[in-house]
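Pasting the sequence and the predicted coordinates here, then a few questions.
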Amino acid sequence: ANWTYSVEHVMSQIHRCRFVQYVPSAVQAIAFENGASRYFDRAAVSRADGSLEIWALMESWVLERRIPGTKDVSIEAIVWSGGRLFTAGLNSFITEWDLAEYKPKHSVDSCGGAVWSLAMSNTGTALAAGCEDGSVKIFSLKDNFVELSRSCDRQEGRVLSVAWGPDDSFIVAGNTESMIRVLDARTGRTRTRISVQDQQREKTLVWSLRVLSDKTVVSGDSRGFTQFWSAEYGTLKFSLRTHKGDVTAVVAVGDKADTVCSAGIDGYLVLLKRNSSGVYRWVNAANRHAHTHDIRALDFSENGYFLSGGIDTTLVVSTTSAAEAEVIKPFFHRPLGSLAVSARVLLHQFPDYLQLWQLPELISADDSPELLLELKPSLLDNITCSAISSDAKAIAFSTPTTVRLFRLKFKGKTVSVTKRECALQPCEAMAFSRDGLLVTISATGLLQVLDVDLGTLKAAQLPSLNAFPSPLLALSPEASTVAVALDRVHVVSLKTLEIEGTCPFLGKPTTAISFVKEGTELAVATADKKVSLFNASMARTPWTLMNSQSYPSFWRKAKDPITAIASDPARPELLFLVTPTGFAIISTAVPIGAVEAKSKKRKSKGQDAQAKEEDETDIVGQNFRFVRKFNPLLQLDFLRSGEMVVVERPWQQIVAQLPPPMFKAQYGM
């Protein structure tokens, strides 16, 4: 049966919110977990706000976990070893992370000041750190701790880059004083000094180093050169200017010592290949303008993927062969806000503070949202999750170390805030029920229910082997049960905290859950961009069984995951599947058609940048419509029947707040 759903007929009842000034942070460091026995790639990414992200490449790039950072503490380097994750930064500490609870496991002082670079030995048993004081520290990795075992010879200037030789017998270290040193890993003494040419009387910064399997040292420096050196003799084997500015990263591709990729502040990735015969020579085999701004980090996975990031805040996935690259925009894979439906208040979460906005009753030119409150707590850690009650009289948030609860009192346009005592443990997700319960779930599966008025607290430990990705929760409309997504999706009674049902294993990580059809069914979205509906007995509904393979090909191929599921009380049979690039509308009353109809494009008026953002193409199919008008999409929900709230952050507004890209000379200028 043909089915259509027009967005235009409710356009006057959409709150299109562009007032949220969300600006993502630049990428600082990237590291793949190579050597793991996984069917998917896994990478750790750090950002300038101190946050740490764990990404998994399956059918789509899934944000497995985001760990909020600590204020004014940046992560400059990341390494993996046998499933263990280590980071270091300007606070001088090397930290190992607990990947079961996603929190610091332990930290050790570098004993050399700020750490600018890390390198893991090929055996995975030793860690080299390049430090502010000009030394390289070698740490031994024990089962449960990290121990300083040796301090290598100091040099002038800070150590910006370190790398191990293929047999772990030596370490190379590049500094801020035009120097590369080859250090004996056993004694810490200097074997060879390599002098890098200065640039116009300024010292050359050696930003990145790699050692190939034939013991050739590859360096990237501030002059824009990628150079190849003999580790044994310290002589220059070949030099090539690959970038118009600093070369910030170099990586070896494979283990044959014949392919290298470099990245620079000009935004380019350059692939270099070694001449297979004759004179030792490297040539520029390919280049790609992957980023609009400086590239800060680059790594290569053993499955053939490059992952790069930098000032423009995006992550770019590419390969040595594909002509096109995949761009991952820096938007959270879960909503950063929540609605107080009764009070018509929107809560939006920033890394270290919260904003409350009053949404108008009528949508007209004279009625605009009003900022009610900015809550900026004096905490060291950034915010993990937050929630607001339906009447906007209570808000709560969690950091990795504490949970805070506040009472709000409204007097006209004035809001008074009172802190309440709260015994809740830190959590990954939280929500208020309509009857005043605050429900939270932690990374370890600890479910907590706090009666905000009475102050009583109940808790239960749910079974969880691995909460991947981050735990999710959804409250039923009548607030009698809560759905919790860990490694499995459980439905739990809020009265007894006993599991009433568990969804069958779906084979892929859960990315969004929601009660739909007035709470009679539970919708579960997975990383393969499919939605399964379950009835009260946790059995798949007939619609789910009928449509599991019927999703349009463009939808299955798109890499952005479903981040939320919304439903319109006026049309409970409709599902709104939210992604960062738009939302899909599906009816659960009829099947999804296998044949897609033509796309429908609405043209905008005007020639300015703002008007161009209104251009969009709706992909329309049989019982499937993908709306791209609101993009990038941070949040979508309903205040009441037919009244939608859309929070979006146009990409051009984000770019306008980034630092300018590298200057490029133009003809005639």
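Thanks, I have it. Numbers count the residues shown, from 1 in each chain.

Listing request: residues of this protein with sub-threshold pLDDT.
For the chain, the stretches with pLDDT under 70 are 1-12, 35-39, 58-59, 322-323, 362-367, 465-468, 593-621, 663-669.

can you pull out the helices in it?
Taking DSSP state H to define them, one finds helices in the chain at 542-547, 553-557, 609-612, 651-656.

Tell me, how many residues neighbour the nearest residue to Cys503 once chain neighbours are set aside?
Excluding its sequence neighbours, the residue lying closest to Cys503 (Cβ to Cβ, 6 or more residues apart in numbering) is Val489, at 4.1 Å. Just so you know, the C-beta spots here come from the backbone N, C-alpha and C atoms, and that holds for glycine as well. By the other Cβ atoms under 10 Å criterion, the neighbourhood of Val489 contains 24 residues.

So which of the helices of the chain has the densest surroundings on average?
Comparing these by mean neighbour count (mean count of other Cβ atoms under 10 Å), helix 542-547 ranks first with a mean of 16.

So what touches that one?
Val531, Ser532, Leu533, Phe534, Thr588, Pro591, Ile592 (Cβ atoms under 8 Å, 6 or more residues apart in numbering).

you'd agree the third one is up against Ala525?
Pointing back at Leu533 there. No: between Leu533 and Ala525 there is no contact, the gap being 10.6 Å when judged by Cβ atoms under 8 Å.

So for the two, which sits in the more crowded spot?
More crowded of Leu533 and Ala525, by other Cβ under 10 Å: Ala525, with 27 against 21.

So that one versus Ser464, what's the distance?
To Ser464, Ala525 is 19 Å away according to Cβ to Cβ, to the nearest Å.

Using CSV, write out every CA atom in stretch 578-597.
Output of stretch 578-597 as CSV, limited to C-alpha atoms (Å, rounded to 0.1, in the frame of the first residue of the first chain):
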residue,chain,number,x,y,z
VAL,A,578,16.6,10.6,14.5
THR,A,579,20.2,10.7,13.1
PRO,A,580,22.7,13.6,13.1
THR,A,581,21.9,14.2,9.4
GLY,A,582,18.1,14.2,9.6
PHE,A,583,15.2,12.0,10.6
ALA,A,584,13.2,9.2,9.0
ILE,A,585,9.5,8.8,9.3
ILE,A,586,8.1,5.3,9.3
SER,A,587,4.6,4.0,9.9
THR,A,588,4.3,0.8,11.9
ALA,A,589,0.8,0.2,10.5
VAL,A,590,2.0,-0.8,7.0
PRO,A,591,5.1,-2.5,5.5
ILE,A,592,8.1,-0.7,4.3
GLY,A,593,8.1,-0.8,0.5
ALA,A,594,11.1,-2.3,-1.2
VAL,A,595,11.0,0.1,-4.2
GLU,A,596,12.0,3.7,-3.5
ALA,A,597,10.2,6.6,-5.1
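
That stretch: which residues count as buried?
578-588, 590, 592-593 (16 or more other Cβ atoms under 10 Å).

Which one of those residues is nearest to Ala539?
Nearest to Ala539 out of the buried residues of stretch 578-597 is Thr588 (Cβ to Cβ; 15.2 Å).

doesn't Leu533 make contact with that closest one?
Yes: assessed by Cβ under 8 Å, Thr588 is found in contact with Leu533 at 6.5 Å.

Please determine how far Arg191 is located from Phe145.
For Arg191, the distance to Phe145 equals 30 Å [Cβ to Cβ].

More neighbours: which of those two?
Between Arg191 and Phe145, Arg191 has the larger neighbour count (other Cβ under 10 Å), namely 17 against 12.

wait, which of the helices of the chain is closest to Glu521?
helix 542-547 (9.3 Å).

what ranges do the strands span in the stretch 201-350 of the chain?
206-211, 216-221, 225-230, 236-241, 247-252, 259-264, 268-274, 282-289, 295-300, 306-310, 315-318, 326-328, 337-340, 345-349 (DSSP state E, counting those that start in this stretch).

Relative to the shortest one, what are the paired strands and their orientations?
Sheet pairing of strand 326-328 (DSSP bridges) gives strand 315-318 (antiparallel).

Pull the residues that contact the partner strand.
With Cβ under 8 Å, 6+ apart as the contact definition, strand 315-318 has outside contacts at 27, 30, 45, 55, 57, 61, 269, 288, 290-291, 305-309, 325-328, 330.

Stretch 226-235 now?
165, 170, 172, 180, 182, 192-194, 196, 211, 215-221, 236-243, 247, 250, 260, 262, 270, 272, 280, 282.

Tabulate the CA atom coordinates of it in CSV.
The C-alpha trace of stretch 226-235 is given here as CSV (Å, rounded to 0.1, in the frame of the first residue of the first chain):
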residue,chain,number,x,y,z
THR,A,226,58.8,14.2,5.2
GLN,A,227,62.3,12.8,5.5
PHE,A,228,63.8,9.3,5.6
TRP,A,229,66.9,8.6,7.7
SER,A,230,69.2,5.7,8.5
ALA,A,231,68.8,4.8,12.1
GLU,A,232,72.3,3.2,12.2
TYR,A,233,74.3,6.0,10.6
GLY,A,234,72.0,9.0,11.0
THR,A,235,72.3,9.9,7.4
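
which of the residues in that stretch are buried?
Result for stretch 226-235 [16+ other Cβ under 10 Å]: buried residues Thr226, Gln227, Phe228, Trp229, Ser230, Ala231, Gly234.

do the same with stretch 346-357
Leu346, Leu347, His348, Gln349, Phe350, Pro351, Asp352, Leu354, Gln355, Leu356, Trp357.

for Leu336, what are its contacts?
By Cβ under 8 Å, 6+ apart, the contact set of Leu336 is Tyr22, His348, Gln349, Phe350, Leu634, Gln635.

Output these in a markdown table; the columns should cover distance to Thr87.
Formatted as a markdown table, the contacts of Leu336 follow (distance: Cβ to Cβ, whole Å):
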| residue | distance to Thr87 |
| --- | --- |
| Tyr22 | 25 |
| His348 | 28 |
| Gln349 | 24 |
| Phe350 | 23 |
| Leu634 | 27 |
| Gln635 | 30 |
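
Phi and psi next, for the residue nearest to Arg344 when sequence neighbours are not counted.
Spatial nearest neighbour of Arg344, excluding adjacent residues (Cβ to Cβ, 6+ apart): Leu359 at 4.6 Å. Phi and psi for Leu359, reported as degrees, to the nearest 10, are phi -90, psi 140.

quick one on the thing from earlier: Val73 is nearest to which of the helices of the chain?
helix 651-656 (23.7 Å).

Can you give the contact residues for the closest one?
So helix 651-656 is contacted by Arg18, Tyr22, Val23, Pro24, Thr292, Asp312, Thr313, Lys329, Ala609, Glu613, Pro632 (Cβ under 8 Å, 6+ apart).

burial of the fifth one, as a residue count?
Meaning Thr292. 14.

quick one: it and Asp266, what's the gap?
Counting by Cβ to Cβ, the gap from Thr292 to Asp266 is 10 Å.

now His106
In terms of Cβ to Cβ, His106 sits 39 Å off from Asp266.

Compare neighbour counts for those two and give me the winner.
Asp266 (23 against 13).

mind listing what the closest residue to the more buried one other than its chain neighbours touches?
With Cβ to Cβ, 6+ apart as the criterion, Asp266 has its nearest non-adjacent residue at 4.5 Å, and that residue is Lys244. Contact analysis of Lys244 by Cβ under 8 Å, 6+ apart lists Gly224, Gly264, Asp266, Met662, Lys664.

Need the buried ones from those selected in PyMOL.
To isolate the buried members of the contacts of Lys244 in PyMOL, using 16+ other Cβ under 10 Å:
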select buried, resi 224+264+266+662
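
Switch the contacts of Lys244 over to a markdown table; also include distance to Arg649.
Shown next, in a markdown table, are these (distance: Cβ to Cβ, whole Å):
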| residue | distance to Arg649 |
| --- | --- |
| Gly224 | 34 |
| Gly264 | 28 |
| Asp266 | 27 |
| Met662 | 25 |
| Lys664 | 27 |
